[in-house]
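Engineer: A structural model of the following input is requested.
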Amino acid sequence: MKKNKDQIKSEIEETKADSLGENSLDQDSDIADPAAEVELDDDGLIEDQVEVLRAALGEMTAKAEEYLDGWQRARADFANYKKRVLRENTEIRQIARGEVIKQYLDIADDLRRALQEKPESGEEETWADGIEIIYQKLRSRLEAEGLKPMNPLGEVFDPNIHEALMKEESEEYESGHIIEVMQEGYWIGDKVLRPALVRIAA
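Structural biologist: Have a look, this model is predicted:
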């Protein structure tokens, strides 16, 4: 069993009494008190151990903070990577879908132009109604894939999304505004799939 300081001191006092007698030591004797030395040595050892433990704790705390900081940065980097990959994949899908849709826009344009000369009576009217149903179904399918038509009539000309075919004087519209849409433009998501061909006011 490990002895505490009081027990050690008591045993030393008993040893002194047995070997030298209770009154054999003079108060002015140069002989050092062993109990005092044991107490000093014991206190010094505890203080040294405390200092060692404090130093070890400080080092471990610093390491833990370093590891936590590294883990948090790695987690943030991975989250940003996932967002970037998701965004890039979405853009790739939009581009691929847009390329397929482009192949059907000419057909939609032809049908729209044909319906501008739609007969108003007779058998041709019934036939034209059927063509219009097909055209509307085609537009619905394309819009379901993310296609959105532009409606720039009367808007200010924007070279990023419009293509000017000609410029002419207009009493109805201010200079720089679109006075006629020659060919419809389309969006796919938030990107221009096809710019609108327009006439603008001079």
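
Engineer: Output the lowest mean pLDDT helix or strand found in this structure.
Structural biologist: Scoring the helices and strands of the chain by mean pLDDT, DSSP states H and E places helix 5-20 at the bottom, with a mean of 54.

Engineer: ok now the helix or strand following that one, how far from the chain's centre?
Structural biologist: Going down the chain from helix 5-20, the next helix or strand is helix 34-116, by DSSP states H and E. Chain-centre distance of helix 34-116: 10 Å, with C-alpha atoms, centre = their mean, to the nearest Å.

Engineer: Does helix 34-116 pack against any helices or strands, and if so which?
Structural biologist: Helices and strands touching helix 34-116, by 3 or more C-beta pairs under 8 Å, 6 or more residues apart in numbering; DSSP states H and E, are helix 5-20, helix 123-144, strand 186-188, strand 191-194. To be clear about C-beta, it is placed using only N, CA and C from the backbone, and glycine gets the same treatment.

Engineer: Do I have it right that residue 188 meets residue 147?
Structural biologist: Yes. With contact defined as C-beta atoms under 8 Å, residue 188 counts as touching residue 147 (6.1 Å).

Engineer: Same drill for those two, tell me which one is more crowded.
Structural biologist: residue 147 (23 against 20; other C-beta atoms under 10 Å).

Engineer: tell me the phi and psi of the more buried one?
Structural biologist: For residue 147, the backbone dihedrals (degrees, to the nearest 10) come out as phi -80, psi 130.

Engineer: if I look at it, how far off is residue 102?
Structural biologist: Going from residue 147 to residue 102 by C-beta to C-beta, to the nearest Å gives 10 Å.

Engineer: can you tell me which residue is nearest the centre of this structure?
Structural biologist: Central residue check for the chain by C-alpha atoms, centre = their mean: the C-alpha nearest the mean position is that of residue 80, 4.0 Å away.

Engineer: on that earlier part again, shared neighbours, residue 188 and residue 147?
Structural biologist: Overlap of the contact sets of residue 188 and residue 147 (by C-beta atoms under 8 Å, 6 or more residues apart in numbering) consists of residue 101.
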